[in-house]
Every structure is written in C-alpha cells, then in structure tokens.
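> The following block contains a protein sequence and its predicted model.
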2 protein chains.
Amino acid sequence: MSDQRDKILACACDLYLSEGLEGVSMRELARRLGVTAPALYRHYESREHVLADVVRSAYREFAASLYRALEGGTPRERLVRAGEGYLDFALRHPRWYQLLFISPEQLGIPRLPDDIEAMGCAVHQFWVDRVRECQDAGILRAGDPREVSLTMWGHAHGLVSLYHNGHFRMDEAAFRREFLRSAGAMMTGLSTPEFATRLREEFAADHPVEAHG
Amino acid sequence: MSDQRDKILACACDLYLSEGLEGVSMRELARRLGVTAPALYRHYESREHVLADVVRSAYREFAASLYRALEGGTPRERLVRAGEGYLDFALRHPRWYQLLFISPEQLGIPRLPDDIEAMGCAVHQFWVDRVRECQDAGILRAGDPREVSLTMWGHAHGLVSLYHNGHFRMDEAAFRREFLRSAGAMMTGLSTPEFATRLREEFAADHPVEAHG
DNA sequence: ACCTGGAACTAAACGGTGTTCCGTCCCGTA
DNA sequence: TACGGGACGGAACACCGTTTAGTTCCAGGT
C-alpha cells in the first residue's frame, strides 16, 4: 500500500535483526528514516503494530524455507528436507526463529493477532501433512498424525530453544550433531519396525568404522 | 545479609509473578516499599542485579520441586516423579518456569552470571543421574545418559514452551494428557525392548476399554 | 489562477523508565 | 559532643511510547 509503511517495516526488520526487540524503538526507527518519531504514527498505529508486521515477515521467511521441502520426490525425502530446513532456519536466523515462538506478553499485547496465530497453525498443519504421508507410506507407525507431529515439533523446538538460550555448552557444529542424533533416536521410536531396521542398516553402511562401538 | 535487600527481592518476586518482567520497574518496586527509586541502589547495583536474584529464587523453587522425586524408592519411580514434578512446576508456576529458560538478552545482559549457569547445569545433571540409574536398572536402553537426557529434556521443554506461548489450542487438562501421551511414546522408543513390552501391558491393564481401539 | 482539503511532517509536551549526583538526616561510636 | 557513615529524598539526565497542535506542501476542483 503505502511506500513509507514498507520502508518503516524494512527498517524495523533490520533494526530487530541487528539489535533485538529492545533495539526497535520508535525514535531510533524514525532517526534512521530521517524523520521524527510522531511521523511514524501516520503509517503505524503503534509500536506493537510495527512489531506484529516484523513477526509476519519472520513467518513468511520461515515458511519459504520450510516449503522448499515439498520439492522432495518422496514422503520420506520431504520429511527429512523439512527437518533440515527447520534446523537450518533456526541456526541461520536465530532472531527470526525466536520471533516465531515469542509470547504475546513480550510484544506487549495480551493475544497475538488472529492472522499470526493462523500462520502458526499453517506451520503445524505442514508438519501434520508430512507425518501423515509418511504413515501412509509405511515409514511412520500408524496413529493420529497430529499427535506424532506434536511430539516431533516439541522435541525440535525444545532443543533449539535450549541451545539458543545458552543451556548447552556446545558450539553450533556440536549442537547440529546432537540435534540430528537425538532426532534420529526419536524417529526410530516413531517408525514402523520395518523402517527402523532399514534405518539401522543405512546407518551402519554410512558409519562402517563406528559400527562396532 | 541486609534486611532491606531481602525485602526488595521478595517484593520483586511478587511483582514479577503478578505483572511479569516489564512490571518490575525500580520505581514501582520503590513505591511498594515506601521509598524512592534511588534508595534501591543502596542495596542493588542495578535492575538487572535484582532480576538476576529473582531468577535465582526461581531456580531454588524449581530445584525443590524436582528434588522431591528422590523420595521415590526405585530408579523408575524417581524418573517418573521427576517428570511429574517438572510438568507440575511448569503448569503451576508458568512465570517462574519461563524465568528458568530466559535468554540473557531479555534480562538486558550479555551473559548469565556464572552461578545461575551452574544452577542450570545442576538441573541437567539431575536428569542425567535419573537416566543413568534407569539404564543400569535395565529400563532404558544403554547409551550415553547425557544424550538420552538431552532428548528427554528437549522434548519436555519444547512442549511446555509451545503450550505457554499459546501455540496449542488446548486447555491445561488437554495439554497434560497430550504431554503424558507424547512422553510415553518417546519413552517407549528409549526403553529396552523388555521394558517397552511391560509398559504396554501396564497400559492395557489401565485402559481395558480402549485396548481394542 | 485561486482556493481548498488532506496527507505528511515537526515541535512540544506528558508521563513513564533506569540511573546519577548531591544534600540531608539520623544513629552509633569515639 | 563531635564525627563518620549508612540510608534516604529531590532533582536531574537521557531515554522511551504516545498525543496534541501547528506547519508545509501538493493535487484537484472551480
């Protein structure tokens, strides 16, 4: 719509990515745009509305990174690529990732806008779809795909969140390894017995030296 | 040490629990204590130092709730009770739980104080101990207990965090059920085959009607 | 060409924040 | 009685989000 509104949003995203939430002040935003703070209120109702738009940008970026997984040719490949996309996004853009799971309280509002909540639902649905098609393909155990995806999502988000908040004494490479190992262990539990066997065979083929450890 | 310092901390805890982080301002704190804001600086170096002490209080409360699990008579019972204590604490005191996993950035400091990081390590070690003794008892699969506890911790924290931030459209009772189901599914994957069989038998005995579903 | 309306902006101000500086009071001790 | 020091209050600084009122400027209609 408005050109200036777009500039404000772009500047707010830059500011957030470099300085964090506290760094996004109406005055600093105005300073960088060469205007005074009240001028921003012609284009945005309040600071929270600016931040809400930044969250929307984060969701769009995240969705783009996730939906690339649909280029995979099989259910299994799509699930794996989705997992890789998730981890890559979380590690490459920590601040944007944190924005996806921010509590309304931290934004200074009682509830998230409905359209942002809907974006969260869409992401959840994406995972449910990935799980369901893997169940249909005999890769994952039968069961409610919403329950299985809840388990997977919780596990992934929990590890990333603990890492981002400094609760693991690891560098990024070590965390990547731990994440993949942990996810593998969990997936084995969620897989059908046949696929779990196949997974172990593939792992043994990929790690011949460690196979005896 | 100082009497007034204790009063400030107690008041800050009350204020945080009822109003959240943003609600803890030096001026409001002083108002409630019947003094002016600068007076607080006789007893605390800065607002961040007050908040750091609130975090320490949260850890002490959390640890007390967790360590009660040691009253259990067997490794299995101690692990189960620890899990229940974790979930209970997270649901009964959401604000205190969130403080345990807060990022330094949200407190306005670059890194958490060493002693607070150590408190986090102690909690992690507690879980490692619970896992190890369950492995020794033949309940959990053999393997590095640190890796297994990482998986369990990540899973539990992720679900709680997503629930607290409003990413699940459930009430507390529904979340409790989902949490226990998800944890059960994950534990089955981490258990020894023998124990997993026993778990399923116990579940069937507890849910005779649903056994056919 | 003139007027008008509205969009976009600025300056000033209000009430809030964390924090510092300085003066004051009071109490225990020499 | 004098002094030192801890505890406090008042004023101030620099920041914040936001509101109000006044200014500028340009497009459109008469």
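That came in fine, so what should we check first? Numbers count the residues shown, from 1 in each chain, chains lettered A, B, ... in the order given.

> okay, CA-based contacts and neighbour counts for the rest of this
Will do.

> mind exporting the helix or strand harbouring A:Val160 as PDB, just the C-alpha atoms?
Element membership for A:Val160, per DSSP states H and E: helix A:145-164. Extracted C-alpha coordinates of helix A:145-164, given in PDB (Å, rounded to 0.1, in the frame of the first residue of the first chain):
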ATOM      1  CA  PRO A 145      -0.600 -37.700  12.800                       C
ATOM      2  CA  ARG A 146      -1.400 -34.600  14.900                       C
ATOM      3  CA  GLU A 147      -0.100 -36.400  18.000                       C
ATOM      4  CA  VAL A 148       3.000 -37.600  16.300                       C
ATOM      5  CA  SER A 149       3.800 -34.200  14.800                       C
ATOM      6  CA  LEU A 150       3.300 -32.600  18.300                       C
ATOM      7  CA  THR A 151       6.000 -34.900  19.600                       C
ATOM      8  CA  MET A 152       8.400 -34.100  16.800                       C
ATOM      9  CA  TRP A 153       7.700 -30.400  16.900                       C
ATOM     10  CA  GLY A 154       8.100 -30.200  20.700                       C
ATOM     11  CA  HIS A 155      11.300 -32.100  20.600                       C
ATOM     12  CA  ALA A 156      12.800 -30.000  17.800                       C
ATOM     13  CA  HIS A 157      11.700 -26.700  19.300                       C
ATOM     14  CA  GLY A 158      12.800 -27.600  22.700                       C
ATOM     15  CA  LEU A 159      16.400 -28.500  21.700                       C
ATOM     16  CA  VAL A 160      16.700 -25.300  19.600                       C
ATOM     17  CA  SER A 161      15.300 -23.200  22.300                       C
ATOM     18  CA  LEU A 162      17.600 -24.600  25.000                       C
ATOM     19  CA  TYR A 163      20.600 -24.100  22.600                       C
ATOM     20  CA  HIS A 164      19.600 -20.500  21.800                       C
END
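
> which outside residues touch it?
Here helix A:145-164 makes contact (CA atoms under 8 Å, 6 or more residues apart in numbering or on different chains) with A:87, A:90, A:94, A:124, A:127-129, A:131-132, A:135, A:168, A:175, A:179, A:183, A:190, B:101, B:103, B:150-151, B:153-159, B:161-162, B:178, B:182-183, B:186.

> Apply 6 Å and report the result again.
Outside helix A:145-164, the residues that touch it by CA atoms under 6 Å, 6 or more residues apart in numbering or on different chains are A:127-128, A:131-132, B:154-155, B:157-159, B:182.

> same thing with stretch A:66-85?
Taking contacts as CA under 6 Å, 6+ apart, the residues outside stretch A:66-85 that touch it are A:65, A:130, A:133-134.

> quick revisit: any chance of a markdown table for the contacts of helix A:145-164, columns distance to DNA strand D?
Formatted as a markdown table, the contacts of helix A:145-164 follow (distance: CA to the nearest atom of the strand, whole Å):
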| residue | distance to DNA strand D |
| --- | --- |
| A:Trp127 | 35 |
| A:Val128 | 37 |
| A:Val131 | 41 |
| A:Arg132 | 43 |
| B:Gly154 | 34 |
| B:His155 | 35 |
| B:His157 | 31 |
| B:Gly158 | 30 |
| B:Leu159 | 32 |
| B:Ser182 | 40 |
